[in-house]
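Colleague: Show me the folded form of this:
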Amino acid sequence: MIERFLKQTSFSSVEDYRDNLQFIIPEHFNFAYDVMDVWAEEAPDKLALLWTNDLGEEIRATFAQLKEQSDQAAAYLMQLGIGKGDPVMLILKRRYEWWIVMLALHKIGAVVIPATHMLTKHDIVYRNTRASVKAIVCVDDDYVVQQIQAAREESPTVTQYITVTDHGKAIPEGFHDYLTEVKQAPPFVRPAVKNNNSDTMLMYFTSGTSGEPKMVAHDFLYAMGHLTTGVFWHNLHEGSLHLTVADTGWGKAVWGKFYGQWFAGATVFVFDHEKFNADTLLRQMEKYRVTSFCAPPTIYRFMIREDLSRYNLSALEYCTTAGEALNPAVFDKFKEKTGIQMMEGFGQTETTMTLGTMPWMKPKPGSMGMPNPQYNIDLIKPDGTPCEDGEKGEIVVRVGKQKPIGLFKEYYRDEELTRQAWHDGLYHTGDMAWRDEDGYYWFEGRIDDVIKSSGYRIGPFEVESALMTHPAVVECAITGVPDDIRGMVVKATVVLGKEWKDKAGDALIKELQQHVKRETAPYKYPRIIEFVDELPKTISGKIRRVEIRNKDKQQQ
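Modeller: Next up, the predicted model:
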């Protein structure tokens, strides 16, 4: 498959990859037709998707079956008036139908807007009006349906409401019954007008540190940008069974459950569950013999606190992580317990993987790896000049005459916001890092997260990494608290292991402070430590430091 889209399909070194990665770009690329339907023709009986849930239900779908079902879904949606360029919001959790409807909307040329099931009425109204959403396809969850119903009067552009419900359950008033009606759809006829590569295919609403969420618009080549994610970073092949832990409302779902994995011809494994539990997840990996695994560091932190010797993970070959910075202590403990080195990657909702640790590289625990050569990555100082090795700066993408494959088109309907992030030939990520003498990048934090204390600039991640080496700490977040003398002081918000919770107090606070002083420069130690049961996080598992900062401001 990948030989259709790459001039060279395998690489042996950093230099080989950097010098020879070159895409072959079709004129009207559409992932659903040019990848999935081709697999259906060439390997119809090959297992494409293995779906199971916490009730023990199971669906196995071949590439041929996915083609048939997505054709049927496309015909049904077209019958409801959905056409090329129409924005359609999906709120389907991890239901099997998410994969089918995604492919169907690509075939139509519509704009897919995946969204989390945790949206409120306000969130839904904002998305509907800002993106002129024409249809919503949702799971028949009481909360989700209530919020959508409440948003109806303020969502004049939405003409179709479609729900995917379990058989026998009443259909909410005003909703179409997807599972019943899709079977009555006419035969699918591919639209005569093909999409252009520059047409908008996908939009994600992504929250920043302030203001309403931004609408990140991606074109049809965004899917091709994930070829390197699945084939090279995840190191997948046709025999792989790959599991990425991600909600379908988050961009990481198409990083790990969709495009790159199917470019590689791997089988996507989906575990549909309501609440994360490390033991339950490990049992699923053992039962189905998952060979490839990707999750944010948060998930690994909980996994390594289990007795991994109780699980047969002998099928597991390769592990990757992204979504937040990886603490070296987590890397070391996971390797000690499994023998597998985690390969870290970095990117944003606005990009595919921009930095990564590839199979031909030796991982450095805590490093994001090296630039993915489909992007021209650099580090710059506040004055715009390039950083030397060892200097901290902002990660930027240098954009020439042709936009890199995988980089977003724009913040939809917001020219000013787009100009703020993308100007003078640079896309500004807003993330800080430094580069070592071997070319590896090391994450420092968001520009807004950097703490300035007594003249020092302190990155949250370096302090978090030091704290994570203490056996009491499950996870932590470092933030800055305003201080009259020092400008700001470092605060640690800490989740303790079960066996340490009864020791929370002044003695443990002093112990943790001394531990940080021993592990890193003493001026970085947290002068304030707060113990909590859990950290505030996004649906994707990223720690929301801004929420901790806002709470501290309110309490001052």
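Colleague: Report how many residues lie close to Gly85.
Modeller: The number of residues packed near Gly85 is 14, by other CB atoms under 10 Å. (C-beta placed from N, C-alpha, C; glycine too.)
Colleague: right, and the secondary structure at it would be what?
Modeller: What DSSP: H, G, I helix; E, B strand; the rest coil gives for Gly85 is coil.
Colleague: So Gly430 versus Trp422, what's the distance?
Modeller: Gly430 is 12 Å from Trp422, where distance means CB to CB, to the nearest Å.
Colleague: for Gly251, that is, sorry about that
Modeller: Distance from Gly251 to Trp422, counting by CB to CB: 18 Å.
Colleague: low pLDDT regions in the stretch 351-500 of the chain?
Modeller: For the stretch 351-500 of the chain, the stretches flagged by pLDDT under 70 are 454-455.
Colleague: Phi first, then psi, for Leu379.
Modeller: Note on Leu379: its backbone torsions stand at phi -120, psi 130 [degrees, to the nearest 10].
Colleague: Just to check, it is in contact with Glu391?
Modeller: Yes: look at Leu379 against Glu391 with CB atoms under 8 Å: they come within range, at 7.2 Å.
Colleague: More neighbours: which of the two?
Modeller: More crowded of Leu379 and Glu391, by other CB under 10 Å: Leu379, with 19 against 13.
Colleague: quick one: contacts for the more buried one?
Modeller: 386-387, 391-396, 433-435, 441 (CB atoms under 8 Å, 6 or more residues apart in numbering).
Colleague: so which of those residues comes closest to Asp247?
Modeller: Nearest to Asp247 among those: Ile395, at 25.2 Å, using CB to CB.
Colleague: And the strands in the stretch 201-350 of the chain?
Modeller: Ranges of strands in the stretch 201-350 of the chain, per DSSP state E, counting those that start in this stretch, are 214-219, 241-244, 267-272, 292-294, 318-321, 342-347.
Colleague: do the stretch 351-500 of the chain as well
Modeller: Under DSSP E, counting those that start in this stretch, the stretch 351-500 of the chain gives strands at 353-356, 367-371, 377-380, 392-398, 410-411, 422-423, 426-435, 441-446, 451-453, 456-458, 473-483, 487-496.
Colleague: Show the buried residues in the contacts of Leu379.
Modeller: Among the contacts of Leu379, those classed as buried by 16 or more other CB atoms under 10 Å are 387, 392-396, 433-435, 441.
Colleague: okay but Gly251 is in contact with Thr349, surely?
Modeller: Yes: between Gly251 and Thr349 there is a contact at 4.5 Å, judged by CB under 8 Å.
Colleague: what about those two, which has more around it?
Modeller: Ranked by neighbour count (other CB under 10 Å), Gly251 and Thr349 place Gly251 first, with 22 against 18.
Colleague: Tell me which residue lies farthest from the centre of this protein.
Modeller: Ile485 (39.5 Å; CA atoms, centre = their mean).
Colleague: Now do the phi/psi pair for it.
Modeller: phi -90, psi -50.
Colleague: picking that back up, now flag whichever of the buried ones among the contacts of Leu379 is closest to Phe331.
Modeller: Tyr441 (15.6 Å).
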